[in-house]
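Enquirer: Next come a sequence and a model predicted from it.
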Amino acid sequence: MSLTCNPHDTLPDALRKQLARCFDANALLLSPAQRLSYGYDNSRQFAMPAAVLLPHETAQVLELVRACRAHGIPIIARGRGTNTTGATVPLHGGVVVSFERMNRLLRMAPEDRLAVVEPGLLNGDLQQAAKPHALFWPPDPTSAAYSSVGGNIACNAGGPRAVKYGACRDNVLGLAAVTGAGDLIRCGGATSKAASGYDFTRFIVGSEGTLALIVEATLALRPLPDARRALRALYADVESAAAAVARLMAQAHTPSMLEFMDGECVRLAREIGGADIPAAGALLMIEADGDASTVDIAVAALERAACGPGL
């Protein structure tokens with residue numbers, strides 16, 4: 001783990017007093033022991049924040065942004081810290097704003113196939129709430145069970161099923177966010193087509209907290225497939241697997257998942273992970289989903305496309 005010293009490792013007294021009026025002692029973390037766990041994410045980098053704030057409502061986010069702006073203190077937005085890029089590490093110090101307490105499901109509207117959520121809601125909890133309505137939210141990163149929806153949106157997370165359903169940018173209808181000037185903005189809406197004005201929703205998605213702090217999201221839900229079937233295709237080399245991908249994407253049945261592993265990944269999966277797969281130069285994991293009466297047709301089409309030289 002790399003350690004970083006930064007120029008904003010303490011708060012000005014005036015700012016600390018101002019924040020203390022908006023946040024109680026359990027939501028304004030100042031001691032080194034309290035701040036320590038918010039100095040890293042799932043990467044190998046670490047830097048100590050000057051303070052950690054745990055807002056539970058939008059009004060507090062507005063206040064903290066305006067206060068930090070007035071004192072020139074950087075703000076780092078944080079979900080659950082599952083990202084592996086160091087995006088939530090406060091390399092230049094400042095205040096980490098963790099949205100873990102803004103975790104409510106505000107509205108579930110199955111008739112409109114949408115959900116309105118706060119950024120701290122876990123992806124896995126959203127999926128569980130949507131499942132009784134035979135719906136799901138497509139983004140499914142490997143950390144879905146314990147990563148936050150706000151963090152997923154900030155990073156434009158996708159997951160293995162993005163090949164069919166897209167990443168977060170394709171599944172977010174609208175956002176409420178606080179800008180760096182401390183203004184609350186709303187963009188997008190509750191419909192899949194909102195052609196009026198600039199598309200700020202897609203602009204903010206994937207910006208990793210650099211443009212605005214997301215405080216609410218309207219999400220597009222999809223019908224939960226009745227059935228899923230998986231295929232595994234082993235190839236002699238990467239080139240053969242790449243050619244198979246081109247064939248798979250050129251035919252009419254879009255796979256719901258398409259994952260690639262080169263020969264070294266296959267070897268590590270066998271030798272370290274204990275995976276029961278033959279040695280190969282490359283591997284494709286392919287999935288079809290849909291109605292139970294038609295998924296076999298899709299699987300057969302994908303199997304034909306996967307076959308070819310080098311299989």
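Expert: Everything's here; your move. In this text the structure is predicted, and so the values were computed from the model without any measurement.
Enquirer: Backbone dihedrals for Ala195, both of them.
Expert: Geometry field for Ala195 lists phi and psi as phi -90, psi 0, criterion degrees, to the nearest 10.
Enquirer: and Gly81, what does it touch?
Expert: Residues near Gly81 by CB atoms under 8 Å, 6 or more residues apart in numbering: 38, 40-42, 88. In short, each C-beta sits where N, CA and C put it, glycine included.
Enquirer: so Pro12 sits right up against Gly72, yeah?
Expert: No: because the distance of 9.1 Å does not satisfy CB atoms under 8 Å, Pro12 is recorded as not touching Gly72.
Enquirer: circling back: using ChimeraX, define a selection of the buried residues within the contacts of Gly81.
Expert: Buried members of those, defined by 16 or more other CB atoms under 10 Å, are picked up in ChimeraX with:
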select :38,40,41,88
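Enquirer: Next, check the contacts of Gly81 against the helices and list the overlap.
Expert: Among the contacts of Gly81, no member is found in helices (DSSP state H).
Enquirer: now the contacts of Gly81 as TSV including pLDDT?
Expert: Below are these laid out as TSV (pLDDT from 0 to 100):
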residue	pLDDT
Tyr38	96
Tyr40	92
Asp41	92
Asn42	91
Thr88	94
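Enquirer: now the strands: where do they sit in the stretch 51-200 of the chain?
Expert: Using DSSP state E, counting those that start in this stretch, the strands of the stretch 51-200 of the chain run over residues 51-53, 75-78, 95-98, 105-109, 114-117, 135-136, 172-179, 184-188.
Enquirer: what sits against the residue nearest the centre of the chain?
Expert: Nearest residue to the geometric centre of the chain (CA atoms, centre = their mean): Asn152, 1.5 Å. With contacts defined as CB under 8 Å, 6+ apart, Asn152 is in contact with 79, 123, 139, 141, 144, 168.
Enquirer: Out of these, which is nearest to Ala20?
Expert: When those are ranked by distance to Ala20 (CB to CB), Gly79 comes first, at 24.6 Å.
Enquirer: Can you verify my assumption that that closest one contacts Pro119?
Expert: Yes: if you go by CB under 8 Å, Gly79 and Pro119 touch, sitting 6.9 Å apart.
Enquirer: The two - which one has more neighbours?
Expert: Gly79 (29 against 26; other CB atoms under 10 Å).
Enquirer: ok, and the closest non-adjacent residue to the more buried one?
Expert: With sequence-adjacent residues excluded and distances taken as CB to CB, 6 or more residues apart in numbering, Gly79 is closest to Gly151, at 2.6 Å.
Enquirer: residues touching the one you found, list them.
Expert: 78-80, 82-83, 119, 157.
Enquirer: Relative to Cys265, how far out is it?
Expert: Using CB to CB, to the nearest Å, we find Gly151 at a distance of 26 Å from Cys265.
Enquirer: hang on, the earlier thing: residues shared between the contacts of Gly79 and Pro119?
Expert: Counting by CB under 8 Å, 6+ apart, the residues touching both Gly79 and Pro119 are 99, 148, 150-151.
Enquirer: got a markdown table for these, with pLDDT too?
Expert: Listed next are the shared contacts of Gly79 and Pro119 as a markdown table, based on pLDDT from 0 to 100:
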| residue | pLDDT |
| --- | --- |
| Phe99 | 98 |
| Ser148 | 98 |
| Gly150 | 98 |
| Gly151 | 97 |
